[in-house]
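Chemist: no letters, just coordinates:
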């Protein structure tokens, strides 16, 4: 490992950790690194968020009501220069621009953990592909799993997947940010870890529609199960492993995001199910609803791969006002009967 990391209890850690992105999830991960004894530096796009974090006022814009320790925060990406490792936590559709800005400040071989979920619109690339293009010298990892930011920031028990092809780097990540209440499990399957996160937000919108229309728990369970089938088909077609998708970063994340209105994606779907338009719902929000942003790319990628994604397709049709919620449900219910597998 690089000489800038130091030995803690005989093991290497990343002592100086950068967090690129000061939304709810970035702030929560910063608190984990702080609690683990790391020196943390946060890049925030909004000056008011950087000031609030630096002065111990928390993050009222994205994580209201949660006590956050004061942390070094700035709006200049150059402040992350010299960090031993970087957690990049910006929305998927802004990942390329953020990596382009970060790349000049990265030392060769710097570990970069991608903490956002989605498929890039236009290119249909996963975030690891974007990282490889914009910062080819970085050492990639993916952090994904069932984790609401407020739970993590409050120290409630959480478990996630830390996917990294280099096991030594992955284990160093785990020692550097893991805590008893924030358990990290290593995998070498980057694509499997990414694929689950990329599609689960779209599926959560469908479960929200089910809830908003009052279709019952049986329909909700069926959507999760059939959604998991879509997730697995896509992940395997992209080169991921089915067993990875059956773990925390796939099935675990899907169950959480599809089961609570605390999820921005599920709550978006609930409002769709109650008759509001996507434009109306998104216009009233300040935070990104990743499923709505990613749905076009997920559906297009599925078509390119020749994969059947009926739930994702009706979600996109609702977002783009081609179907009402009732029409979307009718389309799914009237599909031909077939084998489960």
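Modeler: Yep, it's here. The shown structure was predicted, so the numbers you read here are calculated from the model rather than taken from an experiment.

Chemist: so who does residue 174 touch?
Modeler: Counting by CB atoms under 8 Å, 6 or more residues apart in numbering, residue 174 touches 162, 184, 186. (Glycine included, C-beta is placed from N, CA and C.)

Chemist: try it again with 6 Å
Modeler: By CB atoms under 6 Å, 6 or more residues apart in numbering, the contact list for residue 174 reads 162, 184.

Chemist: so it sits in a helix?
Modeler: Yes. The assignment for residue 174 is a helix, going by DSSP: H, G, I helix; E, B strand; the rest coil.

Chemist: all helices of the stretch 51-200 of the chain, in order?
Modeler: Assigned by DSSP state H, counting those that start in this stretch, the helices in the stretch 51-200 of the chain fall at 95-102, 127-134, 149-153, 167-177, 190-212.

Chemist: in CSV: these, plus distance to residue 12 and mean pLDDT.
Modeler: Converted to CSV, the helices of the stretch 51-200 of the chain look like this (distance: least, CB to CB, whole Å; pLDDT from 0 to 100):
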stretch, distance to residue 12, mean pLDDT
helix 95-102, 23, 97
helix 127-134, 23, 97
helix 149-153, 24, 95
helix 167-177, 5, 97
helix 190-212, 21, 95
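
Chemist: looking at the ones you listed, which is buried most?
Modeler: Highest mean neighbour count of the helices of the stretch 51-200 of the chain: helix 190-212, a mean of 29 (counted as mean count of other CB atoms under 10 Å).

Chemist: helices or strands up against that helix?
Modeler: Here helix 190-212 touches strand 139-144, strand 158-163, helix 217-238, helix 242-245, helix 253-257, helix 264-273, helix 290-305, helix 310-319, going by 3 or more CB pairs under 6 Å, 6 or more residues apart in numbering; DSSP states H and E.

Chemist: turn the helices of the stretch 51-200 of the chain into a markdown table, columns for distance to residue 243.
Modeler: As requested, the helices of the stretch 51-200 of the chain are exported to a markdown table (distance: least, CB to CB, whole Å):
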| stretch | distance to residue 243 |
| --- | --- |
| helix 95-102 | 27 |
| helix 127-134 | 19 |
| helix 149-153 | 25 |
| helix 167-177 | 17 |
| helix 190-212 | 8 |
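
Chemist: out of those helices, nearest to residue 335?
Modeler: Smallest distance to residue 335 across these (CB to CB): 13.9 Å, for helix 190-212.

Chemist: what sits against the residue lying closest to residue 205 once chain neighbours are set aside?
Modeler: Leaving aside its chain neighbours, residue 205 sits nearest to residue 269 (3.9 Å; criterion: CB to CB, 6 or more residues apart in numbering). Residue 269 is in contact with 205, 208, 209, counting by CB under 6 Å, 6+ apart.

Chemist: mind checking pLDDT for residue 288?
Modeler: Listed pLDDT for residue 288 reads 84.

Chemist: next, count neighbours for the nearest residue to it once chain neighbours are set aside.
Modeler: Closest residue to residue 288 apart from its sequence neighbours, by CB to CB, 6+ apart: residue 91 at 4.5 Å. By the criterion of other CB atoms under 10 Å, residue 91 has 18 neighbours.

Chemist: and stretch 328-341, average pLDDT?
Modeler: 91.

Chemist: that stretch: end-to-end distance?
Modeler: 23 Å (CA to CA, to the nearest Å).

Chemist: starting at the chain centroid, how far to it?
Modeler: Between the centre of stretch 328-341 and the centre of its chain there are 29 Å (CA atoms, centre = their mean, to the nearest Å).

Chemist: check which residues of that stretch are buried.
Modeler: Residues of stretch 328-341 classed as buried by neighbour count (16 or more other CB atoms under 10 Å): 328, 329, 332.

Chemist: okay, the contacts of residue 269 in TSV with distance to residue 301 next?
Modeler: Converted to TSV, the contacts of residue 269 look like this (distance: CB to CB, whole Å):
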residue	distance to residue 301
205	17
208	22
209	22
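
Chemist: pull up the distance across stretch 16-30, start to finish.
Modeler: Length of stretch 16-30, first residue to last, CA to CA: 11 Å.

Chemist: give me the buried positions along it.
Modeler: Across stretch 16-30, burial judged by 16+ other CB under 10 Å covers 16-30.
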